[in-house]
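Chemist: just to be clear, the model below is a prediction. Sequence and coordinates:
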Amino acid sequence: RCISVAASALLQMEEVPVAGLLGYLLERKREGYWIAGLDQLCSADALPLASTEFPADGKVVLLCGDEYRGIPVPLLSVCDAILGPPHRGNSRALQQHIFAGLAVWEYAKQRIVRDGGASVAE
């Protein structure tokens, strides 16, 4: 028997309105969260997603930049790291929602390996 389960039932995710982002990020930072900006436009300063080690405690906020304008400067200054998507050359053809999915997968994969193969939801 097959059952469909929404990702929101497995992983804690929260969408924050743009107007409240700075306050939200500052509050998460005070709570000890590591804030990673996902931005294709900062590729010169960005760490490669594939070689990024997420914190072992799992306290991570992923901030997605706009596909055309990136992450606004006031929000960039709050980030602990800026992560860049995998790409070759000058092409930035990866859509932001795909990049976000890759980042969530990399985070989940590291948790699975760290926990010895246990489910991320456990």
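Modeler: Nice, thanks for sending it over.
Chemist: mean confidence for the lengthiest helix in the chain?
Modeler: Identified as the longest helix of the chain according to DSSP state H is helix 96-114. Helix 96-114 carries an average pLDDT of 87.
Chemist: how about that helix as CSV, C-alpha atoms only?
Modeler: Presented in CSV, the C-alpha positions along helix 96-114 are these (Å, rounded to 0.1, in the frame of the first residue of the first chain):
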residue,chain,number,x,y,z
GLN,A,96,16.4,29.0,-7.1
HIS,A,97,13.8,26.4,-6.0
ILE,A,98,16.0,23.6,-7.4
PHE,A,99,19.1,25.1,-5.6
ALA,A,100,17.0,25.1,-2.4
GLY,A,101,16.0,21.5,-2.9
LEU,A,102,19.7,20.6,-3.4
ALA,A,103,20.6,22.4,-0.2
VAL,A,104,17.9,20.6,1.8
TRP,A,105,19.1,17.3,0.4
GLU,A,106,22.7,18.0,1.3
TYR,A,107,21.6,18.9,4.8
ALA,A,108,19.5,15.8,5.1
LYS,A,109,22.2,13.5,3.7
GLN,A,110,24.7,14.8,6.2
ARG,A,111,22.3,14.1,9.0
ILE,A,112,21.6,10.6,7.8
VAL,A,113,25.3,9.8,7.5
ARG,A,114,26.0,11.4,10.9
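Chemist: name the residues of it that are buried.
Modeler: Within helix 96-114, the residues scored as buried using 16 or more other CB atoms under 10 Å are 96, 99-100, 102-104, 106-108, 110-111. Yep, even glycine has a C-beta here, placed from its N, CA and C like the rest.
Chemist: what does stretch 55-68 give?
Modeler: The neighbour-count check on stretch 55-68 (16+ other CB under 10 Å) flags 60-63, 65 as buried.
Chemist: swap in stretch 29-39?
Modeler: Quick answer for stretch 29-39 (16+ other CB under 10 Å): 33-39.
Chemist: distance between the ends of it?
Modeler: 19 Å (CA to CA, to the nearest Å).
Chemist: show the average pLDDT along it.
Modeler: So the average pLDDT for stretch 29-39 ends up being 95.
Chemist: same thing with stretch 83-93?
Modeler: 68.
Chemist: same thing with stretch 14-23?
Modeler: 89.
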